[in-house]
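>>> next one to model:
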Amino acid sequence: DPEPNQAVSTIVCEGDAIGAVILLSDDNGHKFSEFEEKMAMCGAGFLGRQMEQ
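You can find the predicted model right below:
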């Protein structure tokens, strides 16, 4: 079995890593691009800011 595509970004709150946003796909016809990496980073940034409030 080929490994799935993945994009991982750490959720940071007040300087501490509190989790991660992980995007996975087993679609072998589509490789993750910079777009998926940016989406994971955007989601992690949003969640980190929400946890600080």
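
>>> which residue is nearest the centroid of the chain?
When CA atoms, centre = their mean is applied to the chain, the residue found nearest the centroid is A40 (3.1 Å).

>>> contact partners for that residue?
Contacts for A40 were tallied using CB atoms under 8 Å, 6 or more residues apart in numbering; they are 7-9, 21-23. C-betas here are computed from N, CA, C, even on glycine.

>>> and for F32?
The contact partners of F32, by CB under 8 Å, 6+ apart, come to 5-7, 23, 25.

>>> now render those residues as JSON lines, adding secondary structure, neighbour count and pLDDT.
Conversion of the contacts of F32 to JSON lines gives the following (DSSP: H, G, I helix; E, B strand; the rest coil; neighbours: other CB atoms under 10 Å; pLDDT from 0 to 100):
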{"residue": "N5", "secondary structure": "strand", "neighbour count": "16", "pLDDT": "90"}
{"residue": "Q6", "secondary structure": "strand", "neighbour count": "13", "pLDDT": "93"}
{"residue": "A7", "secondary structure": "strand", "neighbour count": "20", "pLDDT": "94"}
{"residue": "L23", "secondary structure": "strand", "neighbour count": "16", "pLDDT": "95"}
{"residue": "S25", "secondary structure": "strand", "neighbour count": "14", "pLDDT": "91"}
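
>>> pLDDT of stretch 45-53, averaged?
The average of the pLDDT scores along stretch 45-53 is 96.

>>> quick one: that stretch to chain centroid distance?
When C-alpha coordinates are averaged (CA atoms, centre = their mean, to the nearest Å), stretch 45-53 and its chain have centres 14 Å apart.
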